[in-house]
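> Please find the sequence and the predicted model below.
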Amino acid sequence: MTPGRDTALAEPRGQVPITIETRDDLGLSSLALRFTKASGGGENLAFTEGGIPLRIDRTSEQQWRAQASLALASLNLADGDILVYRAIARDTNPAGAPVQSEQYLIEIGRNAAIVDAGFALPTEEKKYAISQQMVIYKTEQLIASRSKHPHDWLEQTRMIGMEQRMVRAEVVFLGGGEVEDELEEAAKSDELTEGRLQNTGRAEMLRAINAMSRAEAQLNDGRAAEALVFERQALASLERALDRRRYFLRTLPDRSRIDTTRRLTGERREARSWTRDQYTASADATLDASRRVMRELAAAAANSAAVNAALAARVAAIDPSSQELQGTAVAIASASTAEARLAAVQSAMKAVTAHALKAFPSSAAIEFRSDSLGGLLADELARRPRP
Amino acid sequence: MMNSALARVSLRWLAIAIAVAALIDPVFSNGTAPRPPIVAIHLTSSDPDAIDRALRDTLTGRELITRVASGHRLPCATDEDCVVIADGSIDVVWTPGEGRPISLIAMAPAGAPNVSVRPVSISSGHGSAAGISRVELSGRGVEGRRTEVRILDGAAVIGSATHQWATAPTATIEIPWWPIDLGARALRVEAIPLDGEVTAIDNHFDAGVTIAGARSPILVFDARPSWNSTFVRRSLEDDPRFAVGYRSRIAPTLTAGTANGRLDAAGLDAVPLMIVGGPDALTADDVALLDRYVRVRGGTLVLLPEQRVSGPAASLLQGVWTEHLTANPQAIGPLRAGEILRAAAAPVTSTVIARSGSSPAIVSTPSGNGRIIVSGAMDAWRYRDLDSGAFDRFWRSLVAQGAAAGEALTLTFDRSIAATGSRARFTLRDRRLEPRSSLEASAVSRCNDGPAAPVRVWPTGTLAGELPAGSSGQCTIEAAVDERQVSGAIAIVDRPARGIDVTLATLETLARGSGGATARAGDEATIARALAATAPPVSGVVSVHPMRQPWWILPFAGCLSVEWWLRRRNGIR
């Protein structure tokens, strides 16, 4: 879905264009764009659900492309409101569950606009990021002034290490308590990134804690430059963990569940082979119209008298939702000179070709030899390998 | 009176002498003879005056006459010394070995800016699928400019692509195209000339493609349930080019699939391509049948392993294959995979379709009449949604090509496009799991909307025949071999352009095959030396028959007429 990012706007005005690409190996049956509006604040937060109309371009049964325009003025958004939108698609499997895209936010408010692409983090959480930033800043300053600390270098680095330990302790507290075994937690964070647990926020917190521990160890040994690498890793993980997007549950709907109660309940004697109907895909029916029009265009290229409004109408009728075809149809209808008519016909042929190529199964250039002597040579070489 | 009598006698004897001499037909010999002229044949789009002049200057003692090829045959008699001057824009039919050596002077386009286009490959066509053409562009003095390449079917633009020139002088581009009709089509691939381009003769070529309409039957057999073959099968099932039969062995005595999905001799005889998933679970009997299907029947077998293949099926894989597992998926041609089977070295006869790093990973190896394709991208199905459907495109295209090569009865023309008035040679191949000792074959041709005409086919190991390509359009051969039927079509155009590089290379091969010399324009002396070395020996005696001249009838008749007039004047009867 594009724009695939959260957006902050100072005022609820204008249009937000949204494009959705959907693909399913079985075939798609429906696609919708839904939004949730969060208004108010504190205990008075109110939610409103709604849908946004889509213009769907069915490239094939398996691949749809949809466009929508979110008119912010019509949604009665106020300063501080948040709009969450997501696409929901269904495939042709009647037992299948709908699939939901990632959710994206549009935040309205002057504060949101100020912070550019990010969001104003709540003060309590932001301070951890700031604290880590301060540790980094102090480390950088210390490295820059190393020549001034020939005798108390280790003491200086250990002072920063102590600050790092304090920041780490606060972050651990924010995460819900002490980390018992950091190595085990670190291992778990890898599992999190592989998607086995769907909570990337927790994974980032664990990474931040782990990086802070390493930074502290380096500082205690006087290795400030090495510690700086881990401090920056910790800051990056902390910022990702405290991202505003974490506040919204980006859950997916339940998948089809396996009925575990039926497991191991069948009779082996009753097992039989089975036969299913052969599935054969059918060619796109609109291609015949494209072929007819292409032949007419080719004839018109040789005879400009055939370039007329009727031909333009037939070009446009191939797909009324195609802007390219509509554009070339207008060019054909409005061409007044022989050169303009020829140019319009050439342009229309390109547009019809581009449109038809979207409907066809596409091909890749793959070459392999299939000469009859190749097999005989291969057999002979297999019988008598070359020394 | 006396003088008149003498004159009469003289005239009479003179006439008698002429008649007697004519009867005797005396022979006189001459010791010198003129050397035969050299014939310069122009196969060029512009008049090669400079080359003609240079040839005249370098040829000593021999006249140079020029001809322009107007038909599709080379206008050179078997006893003539001919020099072909060609720039590659005109193609002719030329059968070497029928006369004296023929030499070639090749004119390459010079100057800048210039773009030339050369065919690399063009996919087989189907009415329900897009095709793709791969062409090589060469440019001189074109940095920063843009070339548009179009594919035309007649006047219809059925594909186009643009190339932005940078510093590289060559580029290979792929142009997708779509078929607007079934049967044999003559496609023209052309690069739109740039402003000020020095020549346009190298900006286009013609290619013949046959657009099929029938579905290819494909059989997918899983020796055990296999994700790999399941997703390949789904990709094929969604393509109207294929009718996919399927069977999976889900337990020792249980199978699942379509009714026509059987792994037996009758089922295999009918399919041009077979896909096997989980080949490590194939039995020895399965492997023996598949081996016969490939070697004897000439089918295409696609193996989709999910681990290193051991057991009976290992004999189907040529060479040593090893497993490589990677944390992140790697590119294997257009596919991606993290579990990869790599070949240590592909046999010399194999075609490497895709590599994993430098190692072959998807390989086609010919075997007997058929071929075995092994895909080492074992978990490519996991990444099938990447790259805008590259997984589907790859497998559909590979299977379409493999199925075309594995048909049981095939009819192929030597050339994909024929010139008007030429003869197009075709070959019929019939492959069966149980070959027959005798076959009954017949063929008829239909050109454009004309009636069917029988075509003779000759047993030449396979079956071969010739089709007279009369007028431009398309001709179809409908052939039957026993109970099987096949048809093949060829596009016929007046003067097919195969691309100047291809045409010049063919002419050069033919010239060398005839014993002639080849040279570039500007090196005419090489041709002159070769002609001098191969000049026919001049005969020392030239026989002359003076009495065979027809004008002798005039003095003979004159003598008799005057003698008769003198007799009448003197009153003698």
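Received it, and whenever you're ready, just let me know what you need.

> What is the neighbour count of A:R262?
8 (other CB atoms under 10 Å in any protein chain shown). C-beta: built from backbone N, CA, C; applies to glycine.

> backbone phi and psi for it, please?
Taking degrees, to the nearest 10, you get phi -90, psi 0 for the backbone angles of A:R262.

> what's the neighbour count on B:G319?
14.

> Verify the contact between it and B:A346 for me.
Yes: contact criterion CB atoms under 8 Å: B:G319 and B:A346 qualify, at 6.6 Å.

> quick one: buried residues of the longest strand belonging to chain B?
In chain B, with assignment by DSSP state E, the single longest strand is strand B:321-332. The neighbour-count check on strand B:321-332 (16 or more other CB atoms under 10 Å in any protein chain shown) flags B:321, B:324, B:329-332 as buried.

> repeat for stretch A:138-156
For stretch A:138-156, by 16+ other CB under 10 Å, it's A:138-139, A:142, A:156.

> Not counting its own residues, what contacts that stretch?
A:157, A:160, A:163, A:219, A:222, A:224-225, A:227-228, A:231 (CB atoms under 8 Å, 6 or more residues apart in numbering or on different chains).

> What about these, which are in helices?
Of the contacts of stretch A:138-156, the ones assigned to helices by DSSP state H are A:157, A:160, A:163, A:219, A:224-225, A:227-228, A:231.

> how about those residues, which pair is most distant?
By the measure CB to CB, A:E163 and A:A225 form the most distant pair in these, at 17.3 Å.

> For chain B, which residues score under the pLDDT cut-off?
Within chain B, the stretches with pLDDT under 70 are B:1-2, B:30-34, B:95-98, B:535-542, B:573.

> Now B:L268. Nearest residue, chain neighbours left out?
B:Y293 (4.6 Å; CB to CB, 6 or more residues apart in numbering or on different chains).

> and the one you found, what does it touch?
B:268, B:274, B:299, B:301, B:370, B:433.

> Who wins on neighbours among these?
In the contacts of B:Y293, the most neighbours by other CB under 10 Å go to B:G299, 31 neighbours.

> right, and B:V115 touches B:E136 too?
No: the pair B:V115 / B:E136 is not scored as a contact, 11.1 Å apart, by CB under 8 Å.

> out of these two, which sits in the busier spot?
Neighbour tally, B:V115 and B:E136, criterion other CB under 10 Å: the higher count belongs to B:V115, 27 against 15.

> how close does that one get to A:P320?
In this structure, B:V115 and A:P320 are 38 Å apart, going by CB to CB, to the nearest Å.

> Can you add secondary structure and give the contacts of B:Y293 back as TSV?
TSV is the format used below for the contacts of B:Y293 (DSSP: H, G, I helix; E, B strand; the rest coil):
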residue	secondary structure
B:L268	helix
B:M274	strand
B:G299	coil
B:L301	strand
B:G370	strand
B:L433	coil
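
> Taking those residues, tell me the two that lie furthest apart.
B:L301 and B:L433 (13.2 Å).

> Let's verify the closest residue to B:A77 other than its chain neighbours: helix, strand, or coil?
Spatially, and ignoring its direct neighbours in sequence, B:A77 is nearest to B:G99 (7.0 Å; CB to CB, 6+ apart). Recorded secondary structure, B:G99: coil (three-state DSSP).

> nearest to A:A344, of the buried residues of stretch A:138-156?
Nearest member of these to A:A344, counting by CB to CB, is A:T139, at 67.3 Å.

> returning to what we had before: narrow the buried residues of stretch A:138-156 to those in helices?
Short answer: the buried residues of stretch A:138-156 in helices (DSSP H) are A:138-139, A:142, A:156.

> Export those residues as JSON lines, with columns for pLDDT.
Listed next are those as JSON lines, based on pLDDT from 0 to 100:
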{"residue": "A:K138", "pLDDT": "83"}
{"residue": "A:T139", "pLDDT": "89"}
{"residue": "A:L142", "pLDDT": "88"}
{"residue": "A:Q156", "pLDDT": "85"}
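
> What are the boundaries of the strands in chain A?
Going by DSSP E, chain A shows strands at A:7-9, A:15-23, A:28-39, A:46-52, A:55-58, A:63-71, A:82-91, A:99-100, A:104-108, A:274-276.

> Out of the ones you listed, flag the one nearest chain B.
strand A:274-276 (5.2 Å; CB to the nearest CB).

> what comes up buried for that closest one?
Buried, per 16+ other CB under 10 Å, within strand A:274-276: nothing.

> do it and chain B meet?
Yes: under the criterion of CB under 8 Å from any CB of the partner chain, chain B is reached by strand A:274-276 at A:274-276.

> Other residues contacting that strand?
Contacts of strand A:274-276 (CB under 8 Å, 6+ apart): B:256-259.

> One more: stretch B:8-24?
Contacts of stretch B:8-24 (CB under 8 Å, 6+ apart): B:547, B:552, B:555-556, B:559-560, B:562-563, B:566-567.

> So which residues on the stretch 151-300 of chain A come close to chain B?
A:271-283, A:291, A:294-295, A:297-299.

> Now list the buried members of the residues you listed.
Judged by 16+ other CB under 10 Å, buried ones among those: A:278, A:281, A:283, A:291, A:294-295, A:297-299.

> ok so, going back, kindly reformat the residues of strand A:274-276 next to chain B as JSON lines and extend each row with pLDDT and distance to B:G513.
Compiled in JSON lines, these are given as follows (pLDDT from 0 to 100; distance: CB to CB, whole Å):
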{"residue": "A:W274", "pLDDT": "83", "distance to B:G513": "62"}
{"residue": "A:T275", "pLDDT": "84", "distance to B:G513": "58"}
{"residue": "A:R276", "pLDDT": "80", "distance to B:G513": "58"}
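
> secondary structure element for the residue nearest to B:L268?
For B:Y293, the host element (DSSP states H and E) is helix B:284-295.

> For that helix, which residues meet the burial criterion?
B:286-287, B:289-295.

> can you put those in TSV and add distance to A:I366?
Below are the buried residues of helix B:284-295 laid out as TSV (distance: CB to CB, whole Å):
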residue	distance to A:I366
B:D286	27
B:V287	26
B:L289	27
B:L290	22
B:D291	24
B:R292	26
B:Y293	22
B:V294	19
B:R295	23
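
> List just the nearest of these to chain A.
Nearest to chain A among the buried residues of helix B:284-295, with distances taken as CB to the nearest CB, is B:R295, at 7.4 Å.

> OK, contacts around the closest one?
A:375, A:379, B:367-370.

> so which of the buried residues of stretch A:138-156 would you say is closest to chain B?
A:T139 (32.3 Å).

> Report the central residue of chain B.
B:R415 (3.4 Å; CA atoms, centre = their mean).

> contacting residues for the closest residue to it other than its chain neighbours?
Closest residue in space to B:R415, ignoring its immediate chain neighbours: B:A424 at 6.8 Å, by CB to CB, 6+ apart. With contact set as CB under 8 Å, 6+ apart, B:A424 has these partners: B:413-415, B:418, B:466-467, B:469, B:475, B:490, B:492.
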